[in-house]
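S.K.: Turn this into a model:
(one chain, ligands or ions: 1)
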Amino acid sequence: MSNSPDGHTKENPYHSELLVNRLMTEGSDKETRHFELSLKSSGLEYLPGDSLGVHPVNCPDAVADLLGAIGFSGKEEIELGEDTLLLGDALTSRFACTVLSRMQIKKFNEIAQASQLEDLLKSENKQSLADYLWGRELIDLFLEFPQQGLSASKFAGLLRPLAPRLYSIASSLSAHPDEVHLTVAIVRYESHGRKRQGVCSSYLADRVGETVPCYLHGNKNFKLPEDPETPIIMVGPGTGIAPFRAFV
Ligand SMILES: Cc1cc2nc3c(=O)[nH]c(=O)nc-3n(C[C@H](O)[C@H](O)[C@H](O)COP(=O)(O)OP(=O)(O)OC[C@H]3O[C@@H](n4cnc5c(N)ncnc54)[C@H](O)[C@@H]3O)c2cc1C
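M.R.: Alright, predicted model coming up:
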């Protein structure tokens, strides 16, 4: 892997044009997609075995639903480091608005003081907490334990940064110069009466022709043997085949 002369990195991603977004699983319950992204003029070079980091934004419906559940319009201002942002914008591109963790429940319950949550947080109730967390998101907490009069900045204090996701590169520059291909299983499921979707896989699934902020993530321990005569067995269930497409 080598980063571009323009210094495209995780912190300074390359805005790549999404050239192809093709459903590979027509007629199946599973949604797996093949993506082709342009690296033209990026100067980015990768090797089979490397991954592509993608910076997603949250789905507008997920942001609107969360704001609505708490009673915010999204126009509230919050401070984030040196920046002043509208809450709706921060929820779209800066904060993870779907995850729910033990720490978030702990912080939330400092405000909500709900005895059910207090019980779940006890060290002897680890399994009950894991069961509670499974399939729930931040919005479920606010729907189950409504909070009146919560300030936007206090709410922002509950949120974690929106993290990029890694995808195994499923192409080789020698076969596809200036392109990087991905094989992505799109996360969509229903739980606790709500339709849910994975932040980054659905972000990719729902677009084409637009630009996607991305960067290369090397993996020097996942490479073909130097000697091309060395026999290899490749085992990759599901989208685990992605890097092997690059090797082949
Ligand atoms: C090095 C590396 C390479 C990778 N390569 C690939 C690849 O080539 N292709 C690929 O598709 N992925 C790959 N991944 C996984 C990828 O990074 C993402 O984790 C994946 O796409 C899900 O991200 P998301 O943002 O769509 O979902 P998120 O928003 O992160 O949501 C995922 C979460 O949803 C919850 N969830 C999912 N299904 C259910 C369910 N049925 N019921 C309840 N809860 C559920 C789980 O808590 C899960 O952790 C790779 C990961 C790594 C670390």
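
S.K.: Only C-alpha atoms from now on, for both contacts and neighbour counts.
M.R.: OK.

S.K.: Assign the closest residue to residue 10 other than its chain neighbours to helix, strand or coil.
M.R.: Of all residues not flanking residue 10 in the chain, residue 215 sits nearest, at 5.6 Å (Cα to Cα, 6 or more residues apart in numbering). The three-state label given to residue 215 by DSSP: H, G, I helix; E, B strand; the rest coil is strand.

S.K.: can you pull up the bridge partners for residue 215?
M.R.: residue 53 (DSSP bridges).

S.K.: Next, report how far the least confident helix or strand in the chain by mean pLDDT is displaced from the centre of its chain.
M.R.: Scoring the helices and strands of the chain by mean pLDDT, DSSP states H and E places helix 242-247 at the bottom, with a mean of 81. On the basis of Cα atoms, centre = their mean, to the nearest Å, helix 242-247 sits 22 Å off its chain's mean C-alpha point.

S.K.: Quick one: residues contacting the spatially most central residue of the chain.
M.R.: For the chain, residue 200 is the residue whose C-alpha lies nearest the centre (Cα atoms, centre = their mean; 3.8 Å). Residue 200 sits next to 54-58, 164-165 when contact means Cα atoms under 8 Å, 6 or more residues apart in numbering.

S.K.: The least confident helix or strand of the chain and the ligand in contact?
M.R.: Yes. On the criterion Cα under 6 Å from any ligand atom, helix 242-247 is in touch with the ligand at residue 242.

S.K.: would the residue nearest to the centre of the chain count as being in a helix?
M.R.: Yes. Counting by three-state DSSP, residue 200 is located in a helix.

S.K.: Quick check: pLDDT value at it.
M.R.: Residue 200 carries a pLDDT value of 98.

S.K.: and what of residue 177?
M.R.: So, for residue 177, pLDDT stands at 88.

S.K.: any idea how far it is from the ligand?
M.R.: 19 Å (Cα to the nearest ligand atom, to the nearest Å).

S.K.: residues near that residue, how many?
M.R.: Applying other Cα atoms under 10 Å, we find 13 residues neighbouring residue 177.

S.K.: again, but for residue 92
M.R.: 19.

S.K.: Backbone dihedrals for the closest residue in space to it that isn't next to it in sequence, please?
M.R.: Using Cα to Cα, 6+ apart and skipping residues adjacent in sequence, the residue nearest residue 92 is residue 58, 4.9 Å away. With angles defined as degrees, to the nearest 10, residue 58 sits at phi -70, psi 150.

S.K.: Which residues are in contact with residue 58?
M.R.: If a contact means Cα under 8 Å, 6+ apart, then residue 58 has 91-93, 96-97, 199-200, 203 as its contacts.

S.K.: looking at it, residue 24 is touching residue 32, isn't it?
M.R.: Yes. The pair residue 24 and residue 32 qualifies as a contact (Cα atoms under 8 Å) at a distance of 5.6 Å.

S.K.: packing partners for the longest strand anywhere in the chain?
M.R.: Longest strand in the chain, counting residues (DSSP state E): strand 14-23. Contact here means 3 or more Cα pairs under 8 Å, 6 or more residues apart in numbering; DSSP states H and E; on that basis strand 14-23 packs against strand 32-38, strand 211-217.

S.K.: Next, residue 78: secondary structure please.
M.R.: Residue 78 - assigned by three-state DSSP - is strand.

S.K.: Could you find the closest non-adjacent residue to residue 246?
M.R.: Closest to residue 246 by Cα to Cα, 6+ apart is residue 171, at 4.1 Å.

S.K.: And for the one you found, the neighbour number?
M.R.: 26.

S.K.: quick one: contacts for residue 182?
M.R.: Taking Cα under 8 Å, 6+ apart, we find residue 182 in contact with 34-36, 167-171, 242.

S.K.: which of these tops the neighbour count?
M.R.: residue 170 (28 neighbours).

S.K.: residues from the chain in reach of the ligand?
M.R.: Checking the chain against the ligand by Cα under 6 Å from any ligand atom, the hits are 134-135, 165-168, 183-185, 187, 189, 198-202, 239, 242.
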